[in-house]
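Q: Quick one, structure for this:
(one chain, ligands or ions: 2)
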Amino acid sequence: MIKKCLGCGVSLQNTDEDALGYTPNLDNVYCKRCFRLKNYGEETLDYVKEEEIFKRVNKSWGVVFFLIDFLNINQYTISLYQKIRLPKILVVSKCDILRKEMKTDKIKKWLKEVYKVDDALFISNKSSFKSSNIFKYLDSKKEFRAYILGVTNAGKSTFINNLLKKEGIKKEILASKKPNTTLDFIKLKIQDYIIYDTPGLSYQNSNLPLINKEIRPITYQVKGGTTLNVLKYQFSFLTDNSITFYGNVEISREYNKKDDELKGLRVPANYDIVIPGIGYINVKKESVILVNEEKLEVRLDMSGVDYE
Ligand SMILES: Nc1nc2c(ncn2[C@@H]2O[C@H](COP(=O)(O)OP(=O)(O)OP(=O)(O)O)[C@@H](O)[C@H]2O)c(=O)[nH]1
Ligand SMILES: [Mg+2]
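A: Ligands and ions are numbered 1, 2, ... in the order given. Next up is the predicted model:
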């Protein structure tokens, strides 16, 4: 039987030092890349193409749990979720980052209203959200096979490691703050269930900040003529507004910045401008905002959904 690296899931080999899965000694549990990532935090640029992941999952059977952390819920990641043809459920991961007012039933309603997602589970690898809910869900569907899919760094491998730990199984898949840690499907038996860890799906522009802290929204009263810079994204306000940024990167302000390349983005009152992989900006007043990216998603914010 071919032995697989417990870190990334790739078949171990001792012949090609430059290829994936290389280890000088086939008795090792981790390949050289995972050993270096685990011990020295050294990352590589390898990743698995999303078509390969979908092809493999879609011709299989079982239930797909699709993990996305709250700040990464957007049109793009939901479109990935929609590509799955197996029975599936969206799982909002890292729920310890949610603020108290971001209640799960509120998020569920908003997911339904904005993204037409009917149901969701909520988990965290760091707080009391129950991971065993996935077993209950599998039982309700009379299934015992599950694929844990999702965006890179959503916490898939950490989630599976927690399940293994709870069962007293002494195995640990590699989890890290670097993107694309897992590089192949990893099959695990937990109780009577078969659980697959899978490689993360990526945004085209990787190199995004790790999301792991409680969301701390920052509100700005912006004057017309203000530009906000969020990493490579620029937002120039023509008129006064009140905005709140939800994300975990530094943002800077400039005044009367000249840039002819910007395009106008119409934003209704109480809508969000989504910044892929980073978070979103909630805009209080209807306005046209000049941005340096085409086709940014604008969506109804959570306060806009009718909660009884
Ligand atoms: N705050 C918080 N951080 C988490 C949680 N789960 C995982 N993390 C962190 O998120 C990072 C990514 O975790 P992984 O488990 O490697 O994520 P993954 O989805 O397997 O990533 P890929 O294999 O690259 O697709 C690590 O730094 C984890 O410590 C969680 O529930 N809450
Ligand atoms: Mg992983």
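
Q: got the phi/psi numbers for the closest residue to ligand 2 within the stretch 201-308 of the chain?
A: Among all residues of the stretch 201-308 of the chain, residue 201 sits closest to ligand 2, at 11.2 Å; criterion: CB to the ion. For every residue, glycine as well, the C-beta is placed using N, CA and C. Backbone geometry at residue 201, expressed as degrees, to the nearest 10, gives phi -90, psi 140.

Q: let's number from 620 now, not from 1
A: In the new numbering, first residue 620, that becomes residue 820.

Q: which ones are touching it?
A: Residue 820 is in contact with 669, 672, 696, 699, 768, 769, 770, 771, counting by CB atoms under 8 Å, 6 or more residues apart in numbering.

Q: The same query, at a cut-off of 7 Å, please.
A: 669, 672, 699, 769, 770, 771 (CB atoms under 7 Å, 6 or more residues apart in numbering).

Q: in what helix or strand does residue 864 lie?
A: Using DSSP states H and E, residue 864 falls within strand 860-866.

Q: what's downstream of that strand, the next helix or strand?
A: That would be, after strand 860-866 and using DSSP H and E, strand 870-874.

Q: Tell me what angle the next helix or strand after that following strand forms with strand 860-866.
A: Scanning forward in sequence from strand 870-874 by DSSP H and E, the next helix or strand is strand 882-886. Calculated by axes from the mean of the first three to the mean of the last three CA atoms, to 10 degrees, strand 882-886 forms an angle of 90 degrees with strand 860-866.

Q: How is this structure partitioned into domains?
A: 666-816, 837-921 (automatic domain parsing).

Q: Can you lay out those as TSV showing distance to residue 647?
A: Formatted as TSV, the domains of the chain follow (distance: least, CB to CB, whole Å):
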stretch	distance to residue 647
domain 666-816	13
domain 837-921	34
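
Q: and of the ones you listed, who's closest to residue 829?
A: Ranking these by proximity to residue 829 (CB to CB) places domain 666-816 first, at 4.7 Å.

Q: on that earlier part again, contacts for the strand holding residue 864 next, please.
A: Contacts for strand 860-866 (CB under 7 Å, 6+ apart): 690, 834, 836-841, 849, 870, 894, 897-904, 906.

Q: Buried ones among the residues you listed?
A: Neighbour-count burial (16 or more other CB atoms under 10 Å) applied to those gives 690, 834, 839, 841, 849, 870, 894, 897-903, 906.

Q: Name the residue of the stretch 670-819 of the chain that lies nearest to ligand 1.
A: Per CB to the nearest ligand atom, residue 819 is where the stretch 670-819 of the chain lies closest to ligand 1, at 2.2 Å.

Q: tally of neighbours for the residue lying closest to that residue once chain neighbours are set aside?
A: Spatial nearest neighbour of residue 819, excluding adjacent residues (CB to CB, 6 or more residues apart in numbering): residue 771 at 2.8 Å. Using other CB atoms under 10 Å, the number of residues around residue 771 comes to 21.

Q: who's in contact with residue 771?
A: With CB under 7 Å, 6+ apart, residue 771 has these contacts: 798, 799, 819, 820, 821.

Q: Same check on residue 681?
A: Counted by CB under 7 Å, 6+ apart, residue 681 has contacts 705, 762, 764, 765, 766.

Q: Farthest pair within these?
A: Farthest pair in these, by CB to CB: 762 and 766, 10.7 Å.

Q: So between these two, which is more surrounded?
A: residue 766 (25 against 16).

Q: re the thing from before, in strands, which of the contacts of strand 860-866 appear?
A: 837-841, 849, 870, 894, 898-902, 906 (DSSP state E).

Q: can you put those in a markdown table and add pLDDT?
A: As requested, these are exported to a markdown table (pLDDT from 0 to 100):
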| residue | pLDDT |
| --- | --- |
| 837 | 94 |
| 838 | 94 |
| 839 | 94 |
| 840 | 95 |
| 841 | 96 |
| 849 | 94 |
| 870 | 92 |
| 894 | 94 |
| 898 | 94 |
| 899 | 96 |
| 900 | 96 |
| 901 | 96 |
| 902 | 97 |
| 906 | 96 |
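
Q: quick check, nearest of those residues to ligand 1?
A: residue 898 (14.4 Å).

Q: Quick check: residues of the stretch 620-769 of the chain near ligand 1?
A: Within the stretch 620-769 of the chain, the positions adjacent to ligand 1 are 712, 713, 715, 716, 743, 744, 745, 769 by CB under 6 Å from any ligand atom.

Q: Weed out the non-buried ones from those.
A: Buried among those (16+ other CB under 10 Å): 712, 713, 715, 716, 743, 744, 769.
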